[in-house]
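>>> give the three-dimensional model of this entry:
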Amino acid sequence: MHPVSALTFGIFLAGYITARWDLVTRLYELAIFAWDHGVITRAAKGFTVLSIFFILLLIPIERIAAREAAFVSTNTSKEYSIESDDSQNPQPLEGGISAREQLRRRGSDAPKDGISGILVGWRNSDLDVLVVSVLQGVEVGKVKLRKHDSRANGAGGTQYHILDRCGRHPLQVLGTLNAPSTTLHFEPKFLSLRYDRRDAAPRIDCSSDTGFTVQVVVFDRPDPKRMQYLSMTPISLALADNGAAYGNVPPFDTFNTDEDADQKRRRKLVEKLKQHTVVRHPRTPKELALPTIINQVNCSAELNDLMQSNIGLVGVRTRRSLSVSERLAESAAHLRNSVVQSTKSAYQKNVWPILSEVFIFLLMVQRILAEVTLQLLDWAPFPNAAALKDISATAQQVDIRLQQFCYWPAQYLMLQKRRSDWESISYSHSEYIRFYNSLWLVANDVIIGIAIGSYILENSAHVAAFIDDLVDDYSIAGLQRMITWLEN
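Below you'll find the model as predicted:
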């Protein structure tokens with residue numbers, strides 16, 4: 001700090017303390033009272049106990065967690081060479097590199113036992129594959145025969161939708177894991193992997209004279225049930241991109257017109273700048289394939305769960321004839337399903353249409369009232385006059401909450417479409433966050449308003465007396481003391 005500034009601040013502080021000497025005296029008396037009654041001692045003891053707890057327990061736990069995280073990060077970022085058939089440890093290659101095989105899979109998918117399995121996933125290129133699932137106890141030929149059934153049964157959406165999102169590459173068998181027989185010839189089209197509990201990453205069965213290097217990328221899948229996903233761009237929570245969600249339906253078609261025009265102008269400037277660029281670097285195939293690989297990683301968890309749930313359909317044997325008890329149990333289950341289905345159908349045909357019409361009518365009435373209130377808040381009596389929401393903070397908050405209320409029906413309808421699609425599709429995540437954020441804001445306002453209002457109503461006399469003393473002390477008595485001090 002500059003010396004002049006420090007001197008100015010000191011003079012101001014000394015003058016303020018002199019003017020508020022009664023406040024300083026009260027603070028001093030309060031400190032003496034706290035010291036006499038042991039308040040400071042108890043606070044010091046509590047701080048000491050918490051400090052000891054933090055030093056002895058929390059800091060060691062944090063250091064252990066950081067060490068484990070660094071260890072896992074180091075192990076998963078290594079590049080593993082081709083394993084020689086006569087050695088238990090991977091050996092680096094001395095010769096030239098002819099190609100690089102990239103294998104991406106999740107460490108938690110590795111089997112904890114020695115049961116063999118097959119690798120199912122996408123082949124993005126001849127030397128670039130992504131493992132989606134490990135099917136244990138399954139033969140390769142049977143998977144090829146039943147692949148359509150195992151991918152379609154129990155899916156939340158059509159398999160063509162998610163496959164189109166993942167680069168339109170069909171799922172295929174990529175190789176085997178812990179196969180009984182060992183192959184000495186390395187075949188990029190059909191991998192042979194080994195994995196043990198002590199291994200940090202899978203090992204490839206291959207001789208050392210192949211000339212390939214292998215890069216194994218182990219990753220944790222995003223959980224679609226928790227709305228986790230990878231993206232090359234950050235999620236946008238602004239209301240400016242609601243046009244894609246609501247379409248050209250009034251009144252949503254008139255929102256953010258200025259922002260849209262500004263975005264069009266910026267896009268034109270960017271296109272002109274591209275035309276005047278001297279050097280252009282074309283995007284490499286790896287850069288072009290990166291968005292597809294990210295989508296494949298996002299969809300891998302859901303596809304793995306689907307294939308694991310349908311693994312019983314792969315290579316299933318012909319069912320034997322049912323016994324009498326099994327037929328009776330199947331008939332009872334069929335009867336129960338028939339009763340449930342008929343009850344649900346009767347409810348949807350007779351009760352639900354009436355309830356939906358009543359709900360839509362009440363929603364439209366509330367929407368009309370909200371639109372009328374918004375027009376009143378936005379109405380200006382004169383051309384250059386300010387609207388009510390511009391001069392009142394309460395009116396501004398009411399305007400914001402009513403706009404959020406008008407967004408809710410369209411947002412809710414969009415979230416309902418999410419249930420009929422794959423959870424890995426992340427186009428509705430931003431709408432989900434906006435919807436429940438606005439609900440929480442409104443609920444928070446209501447809860448705080450009810451709490452403060454009930455407190456004021458129950459303690460109106462004490463609140464009025466406190467506000468009166470506060471206003472009198474700081475606006476009248478304090479001003480009088482200031483004038484008296486200045487006169488003296």
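>>> other SSEs contacting the helix or strand harbouring residue 355?
If you go by DSSP states H and E, residue 355 is part of helix 352-378. Judged by 3 or more CB pairs under 8 Å, 6 or more residues apart in numbering; DSSP states H and E, helix 352-378 is in contact with helix 388-391, helix 393-419. Bear in mind the C-beta positions are built from the backbone N, C-alpha and C, glycine included.
>>> what sits up against the first one?
The one in question is helix 388-391. 376-379, 395-396, 398-399 (CB atoms under 8 Å, 6 or more residues apart in numbering).
>>> again, 7 Å this time
377-378, 395-396, 399 (CB atoms under 7 Å, 6 or more residues apart in numbering).
>>> can you add pLDDT and distance to residue 477 and give those residues back as a markdown table?
Listed next are the contacts of helix 388-391 as a markdown table, based on pLDDT from 0 to 100; distance: CB to CB, whole Å:
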| residue | pLDDT | distance to residue 477 |
| --- | --- | --- |
| 377 | 89 | 40 |
| 378 | 87 | 44 |
| 395 | 87 | 35 |
| 396 | 87 | 35 |
| 399 | 87 | 40 |
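>>> name the nearest of those residues relative to residue 456.
Closest approach between the contacts of helix 388-391 and residue 456, by CB to CB: residue 395, at 21.4 Å.
>>> which of the contacts of helix 388-391 sits closest to residue 369?
Out of the contacts of helix 388-391, the member with the shortest distance to residue 369 (by CB to CB) is residue 377, at 12.6 Å.
>>> spit out the contact partners of the closest one.
By CB under 7 Å, 6+ apart, the contact list for residue 377 reads 387-389, 395, 398-399.
>>> could you do residue 405 as well?
residue 370.
>>> tell me the mean pLDDT over stretch 162-174?
For stretch 162-174, the mean per-residue pLDDT is 79.
>>> list the buried residues in it.
Residues of stretch 162-174 classed as buried: 162-163, 165-166, 171, 173-174 (neighbour count, 16 or more other CB atoms under 10 Å).
>>> need the contact partners of stretch 26-35.
So stretch 26-35 is contacted by residue 40 (CB under 7 Å, 6+ apart).
>>> how close does residue 342 get to residue 60?
Applying CB to CB, to the nearest Å, the value for residue 342 to residue 60 is 63 Å.
>>> model confidence at residue 382, what's the number?
At residue 382, pLDDT is 82.
>>> run the angle between the helix or strand containing residue 338 and helix 352-378 for me.
Using DSSP H and E, residue 338 sits within helix 324-346. Counting by axes from the mean of the first three to the mean of the last three CA atoms, to 10 degrees, helix 324-346 lies at 40 degrees to helix 352-378.
>>> alpha carbons only: can I get helix 324-346 in CSV?
The C-alpha trace of helix 324-346 is given here as CSV (Å, rounded to 0.1, in the frame of the first residue of the first chain):
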residue,chain,number,x,y,z
VAL,A,324,-47.4,-79.3,-14.4
SER,A,325,-46.3,-77.0,-11.6
GLU,A,326,-44.3,-74.8,-14.0
ARG,A,327,-47.3,-74.5,-16.3
LEU,A,328,-49.5,-73.6,-13.4
ALA,A,329,-47.1,-70.9,-12.3
GLU,A,330,-46.8,-69.6,-15.8
SER,A,331,-50.6,-69.5,-16.1
ALA,A,332,-50.9,-67.6,-12.8
ALA,A,333,-48.3,-65.0,-14.0
HIS,A,334,-50.1,-64.7,-17.3
LEU,A,335,-53.4,-64.1,-15.5
ARG,A,336,-51.9,-61.5,-13.3
ASN,A,337,-50.3,-59.7,-16.3
SER,A,338,-53.7,-59.8,-18.1
VAL,A,339,-55.5,-58.2,-15.1
VAL,A,340,-52.9,-55.5,-14.7
GLN,A,341,-52.9,-54.7,-18.4
SER,A,342,-56.7,-54.6,-18.6
THR,A,343,-56.9,-52.3,-15.6
LYS,A,344,-54.2,-50.0,-17.0
SER,A,345,-56.0,-49.9,-20.4
ALA,A,346,-59.3,-49.1,-18.8
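>>> residues in contact with it?
Taking CB under 7 Å, 6+ apart as the rule, helix 324-346 contacts residue 322.
>>> okay, buried residues for that helix please.
By neighbour count on 16+ other CB under 10 Å, the buried set for helix 324-346 is empty.
>>> picking that back up, list the buried residues of the helix holding residue 355.
So for helix 352-378, counting by 16+ other CB under 10 Å, buried means 370, 374, 377.
>>> picking that back up, least confident of the helices and strands packed on helix 352-378, on average?
For the helices and strands packed on helix 352-378, where the average pLDDT is lowest is helix 393-419, sitting at a mean of 80.
>>> ok, then the element right after it?
Remark: after helix 393-419, the chain's next helix or strand is helix 429-458, criterion DSSP H and E.
>>> let me see the mean pLDDT of stretch 23-38.
Rounded mean pLDDT across stretch 23-38 is 79.
>>> cool, and stretch 50-65?
79.
>>> alpha carbons of that stretch, as PDB, please.
The C-alpha atoms that make up stretch 50-65 are tabulated as PDB, following Å, rounded to 0.1, in the frame of the first residue of the first chain:
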ATOM      1  CA  LEU A  50     -10.700 -29.300  16.000                       C
ATOM      2  CA  SER A  51      -7.200 -28.500  15.000                       C
ATOM      3  CA  ILE A  52      -5.900 -31.800  16.600                       C
ATOM      4  CA  PHE A  53      -8.700 -33.700  14.900                       C
ATOM      5  CA  PHE A  54      -7.800 -32.100  11.600                       C
ATOM      6  CA  ILE A  55      -4.100 -32.800  11.900                       C
ATOM      7  CA  LEU A  56      -4.300 -36.400  13.200                       C
ATOM      8  CA  LEU A  57      -7.200 -37.600  11.100                       C
ATOM      9  CA  LEU A  58      -8.200 -35.500   8.100                       C
ATOM     10  CA  ILE A  59      -4.700 -34.600   6.800                       C
ATOM     11  CA  PRO A  60      -3.500 -38.300   6.700                       C
ATOM     12  CA  ILE A  61      -6.700 -39.400   5.000                       C
ATOM     13  CA  GLU A  62      -6.200 -36.600   2.400                       C
ATOM     14  CA  ARG A  63      -2.600 -37.600   1.800                       C
ATOM     15  CA  ILE A  64      -3.500 -41.300   1.400                       C
ATOM     16  CA  ALA A  65      -6.200 -40.400  -1.100                       C
END
